[in-house]
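1. Mind looking at a prediction? Sequence and model below.
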Amino acid sequence: MLRQGIAAQKKSFATLAAEQLLPKKYGGRYTVTLIPGDGVGKEVTDSVVKIFENENIPIDWETIDISGLENTENVQRAVESLKRNKVGLKGIWHTPADQTGHGSLNVALRKQLDIFANVALFKSIPGVKTRLNNIDMVIIRENTEGEYSGLEHESVPGVVESLKIMTRAKSERIARFAFDFALKNNRKSVCAVHKANIMKLGDGLFRNTVNEIGANEYPELDVKNIIVDNASMQAVAKPHQFDVLVTPNLYGSILGNIGSALIGGPGLVPGANFGREYAVFEPGSRHVGLDIKGQNVANPTAMILSSTLMLRHLGLNAYADRISKATYDVISEGKSTTRDIGGSASTSEFTNAVIEKLAKL
Amino acid sequence: MFRQSIVKQSCRFLATKKQPSIGRYTGKPNPKTGKYTVSFIEGDGVGPEISKSVKAIFSAAKVPIEWESCDVSPIFVNGLTTIPDPAVASINKNLIALKGPLATPIGKGHRSLNLTLRKTFGLFANVRPAKSIEGYKTTYENVNLVLIRENTEGEYSGIEHVVAPGVVQSIKLITQDASERVIRYAFEYARAVDRSKVLVVHKSTIQRLADGLFVDVAKKLSSEYPDIELQTELLDNTVLKTVQHPEAYDDVVVVCPNLYGDILSDLNSGLSAGSLGLTPSANIGHTVSIFEAVHGSAPDIAGQNKANPTALLLSSVMMLNHMGLTEHADKIEKAVLTTIASDAKNRTGDLGGSASTSSFTDAVIERL
């Protein structure tokens, strides 16, 4: 029933939280799952919590503080909490690169909640010194299949096969999501990133599906295609040509890191993951920051801006506008910025500057 | 004076004077003429024009090389894209080839010709240097990157199937043997070009077995190269840091599986030159090596005398170094780089200049 309702209004299910999918408010307040994650996650989510407190935002946090190093059963706690609350704010869990432990908990969470669409916003921020300015690019990345299928085996010793799975159904839904996003946000074009010249079936399916859906269902938008290696070269040299990019899983990660480097680093990129029922907001450039953990030097901007996306998702637009304005103002004034963008302020000093700015707005 | 200082700084652009011990050129000169024979695949689109430029410059520089033209227009044999026998014979005889851009016929079921060449001749390592050119300003400065890409398997295995309607599996194949030979080549290359580190780029947080095997092989091999430091880095971090601080990688030889190498090498070219128009590359096999410009065949400007021959020229410089003709290599490299650095009127349209292919070629010859 619910699903039928969504299918009927296809053009709105993806990007805007349909009324029936919003979490229930109890006593005028929302409960939101808060997952600090590893690395700098605790510090940057603390920053958000503090700002929300000062603004008296009607949100109660349900904190699930587990580490990516813990066993996979623990991720169930996060999944259950998100299933109850439907909305979460999350840092990044660390995944060790050796083969001793389990796979990525981040991927497990996304798959279990089927939050299939990752949105990351790469927009130049006034006051941040970068080589190129006025970048405004969105990457919409398929979050649940492709190279991240986790299906691998060693056929004989020394020979490993790793399966990349591409399906029409998941390509269709990420394509529709991207086109919906473009329409809602007054974007002009959606460009599919692929490697269909080599993976003719897998990436061919993705590219063709995006093309078909664009041509048949969204005639008002431009549909483009680009091969991933060319996209990477173009992105570092001439990023202004890009508007909304829609990508399979791995390419989204690569282009996202280029985008992040272009605008001044992972500390500035807001993001979110959407599924049919759940939305989890997390920095758009997924870096854990283990090396600067606990030093109070991380830039909380990505997490703060992600939290404003969350406020908009909940319909609390006025709060979102205030917080993002204050954050941008503090950065453009340049007096209390963190060291990743050339300043010397600590995480908490930056947070306090945002709070002071909010008091004057 | 100014020019001299540029010449000094910009020499050793390709830094391949010493050669790795693997994949060495074993060809001998023709005893009658004293010249080496090189197979020349001129390619499609702008290929013939830029090839003409290379030939003119080589004869002006008196390089002891005879070209043997080679047509690789693909044919189907038992349903497989295949290179014609005469071309295969030529390359197998000469052990070395220079190659312009090839257009893969679209929609005819052809496997990429480049891929076919790599498989036919066992070209397991793709070497891609990307270095800023002194005097030609781009967005990024002091880029000096070297990347070696596994060239035969990985995501390019070509094994794909539709398991059910609308469900496709593509297999990424990583084997110990192929990983070992490319990583070993990377260590040898690092030694030859005096870089102190080999950096393995991987995504073993996600592809734990496949990329895990690649990383493991590197760790095992590293004990044979105590003079070279082995580092490993997650693909995400390499991308992020290379774009933010390309200069941090100027003492590193990066080695990675096929797809990451494909993407990163083009990204590197974007950083060093803003395009593929200045990027040389080498495809190394145990016996045969093919040097190629990696840019496309640019059919839109073909035959108009507009194309930039630099990528093919620098590839030919890598080739000369590989053959041990280092003096000729140095001479041509200097002439090309100083021509680009000298003035916008000596640069082709893709670099914002006004030169034609032939006027650029003449300017290079003048500097020889």
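-> On my side now, so go ahead.
2. Next one: A:Ser149 relative to chain B, how far apart?
-> Distance of A:Ser149 to chain B, given as Cβ to the nearest Cβ, to the nearest Å: 9 Å. For the C-beta atoms, the positions are set from N, CA and C on the backbone; glycine is no exception.
3. what's near enough to touch the spatially most central residue of chain A?
-> Using Cα atoms, centre = their mean, the residue of chain A that lies closest to the mean C-alpha position is A:Gly271, 2.9 Å off. By Cβ atoms under 8 Å, 6 or more residues apart in numbering or on different chains, the residues touching A:Gly271 are A:Asn118, A:Val119, A:Ala120, A:Leu121, A:Phe281, A:Glu282, A:Pro283, A:Gly284, A:Ser285, A:Ala302, A:Ser306, A:Leu309.
4. near chain B, from the residues you listed?
-> Contacts with chain B within the contacts of A:Gly271, as defined by Cβ under 8 Å from any Cβ of the partner chain: A:Ser285.
5. Which stretches in the chain count as strands?
-> Looking at chain A here, since you left the chain open. Ranges of strands in chain A, per DSSP state E, are A:30-35, A:59-63, A:87-90, A:117-123, A:136-142, A:152-156, A:159-167, A:189-194, A:222-227, A:244-247, A:271-274, A:279-281.
6. um, chain B though
-> For chain B, applying DSSP E gives strands covering B:36-41, B:65-69, B:75-77, B:80-82, B:96-99, B:123-131, B:144-150, B:160-164, B:167-175, B:197-202, B:229-234, B:252-256, B:280-285, B:289-293.
7. what pairs with the first one, and is each one parallel or antiparallel?
-> Think strand B:36-41. According to DSSP bridges, strand B:36-41 forms sheet pairs with strand B:65-69 (parallel), strand B:96-99 (parallel).
8. Now do it against strand B:289-293: the angle between them, please.
-> Interaxial angle of strand B:36-41 relative to strand B:289-293 (axes from the mean of the first three to the mean of the last three Cα atoms, to 10 degrees): 50 degrees.
9. And for the second one?
-> Here the directions of strand B:65-69 and strand B:289-293 differ by 80 degrees (the same axes, to 10 degrees).
10. mean pLDDT for the strands of chain A: which is lowest?
-> Between the strands of chain A, the lowest average pLDDT goes to strand A:152-156, which shows a mean of 92.
11. I'd like to know which elements that strand is packed against.
-> If you count contacts as 3 or more Cβ pairs under 8 Å, 6 or more residues apart in numbering or on different chains; DSSP states H and E, strand A:152-156 packs onto strand A:159-167.
12. Extract the CA atoms of the strand it packs on and return them as CSV.
-> This file holds the C-alpha atoms of strand A:159-167, laid out as CSV (Å, rounded to 0.1, in the frame of the first residue of the first chain):
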residue,chain,number,x,y,z
VAL,A,159,43.5,-16.6,-8.3
VAL,A,160,40.8,-14.3,-6.9
GLU,A,161,37.5,-13.4,-8.5
SER,A,162,35.6,-10.4,-7.3
LEU,A,163,32.1,-9.9,-8.6
LYS,A,164,30.7,-6.6,-9.5
ILE,A,165,26.9,-6.8,-9.7
MET,A,166,24.9,-4.4,-11.7
THR,A,167,21.1,-4.7,-11.9
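13. which residues does the closest residue to A:Ser260 other than its chain neighbours contact?
-> Leaving out its chain neighbours, the residue that sits closest to A:Ser260 by Cβ to Cβ, 6 or more residues apart in numbering or on different chains is A:Ser285, at 3.8 Å. Applying Cβ under 8 Å, 6+ apart to A:Ser285 gives the contacts A:Ala120, A:Gly256, A:Asn257, A:Gly259, A:Ser260, A:Gly265, A:Pro266, A:Val269, A:Gly271, A:Ala302, B:Leu240.
14. For the stretch 101-250 of chain A, give me the ranges with low pLDDT.
-> Along the stretch 101-250 of chain A, the parts satisfying pLDDT under 70 run over A:101.
15. Helices of the chain, residue ranges please.
-> I went with chain A, as the question did not name one. A:2-8, A:10-13, A:41-54, A:75-85, A:105-113, A:168-184, A:202-217, A:228-237, A:249-263, A:301-313, A:317-333, A:347-360 (DSSP state H).
16. My question was about chain B, not that one.
-> With DSSP H, the ranges of helices along chain B come out as B:2-10, B:47-60, B:85-94, B:113-121, B:176-192, B:210-222, B:235-244, B:258-272, B:310-322, B:326-342, B:357-367.
17. Reformat these into CSV and put distance to A:Pro23, mean pLDDT and mean neighbour count next to each item.
-> CSV is the format used below for these (distance: least, Cβ to Cβ, whole Å; pLDDT from 0 to 100; neighbours: other Cβ atoms under 10 Å in any protein chain shown):
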stretch, distance to A:Pro23, mean pLDDT, mean neighbour count
helix B:2-10, 62, 37, 13
helix B:47-60, 61, 96, 20
helix B:85-94, 65, 95, 16
helix B:113-121, 50, 86, 20
helix B:176-192, 48, 96, 22
helix B:210-222, 38, 96, 22
helix B:235-244, 32, 97, 22
helix B:258-272, 39, 95, 27
helix B:310-322, 56, 96, 26
helix B:326-342, 60, 94, 21
helix B:357-367, 64, 96, 19
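18. Among those, single out whichever gets nearest to A:Ile125.
-> Closest to A:Ile125 of the helices of chain B is helix B:235-244 (Cβ to Cβ; 15.4 Å).
19. Domain parsing of chain A, as residue ranges.
-> Recorded structural domains for chain A (assignment: the TED database) are A:20-121+A:268-360, A:131-263.
20. Columns distance to B:Leu102 on top of these, output as JSON lines?
-> Output for the domains of chain A, formatted as JSON lines (distance: least, Cβ to Cβ, whole Å):
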{"stretch": "domain A:20-121+A:268-360", "distance to B:Leu102": "36"}
{"stretch": "domain A:131-263", "distance to B:Leu102": "13"}
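21. just the ones you listed: most buried one?
-> Mean neighbours per residue, mean count of other Cβ atoms under 10 Å in any protein chain shown, is largest over the domains of chain A for domain A:131-263, with a mean of 21.
22. Quick one: end-to-end length of that one, please.
-> The first and final residues of domain A:131-263 sit 9 Å from each other (Cα to Cα, to the nearest Å).
23. of the contacts of A:Gly271, closest to B:Asn151?
-> Nearest to B:Asn151, judged by Cβ to Cβ, of these is A:Ser285 at 30.1 Å.
24. Look at that closest one and report its pLDDT.
-> On pLDDT, A:Ser285 comes in at 92.
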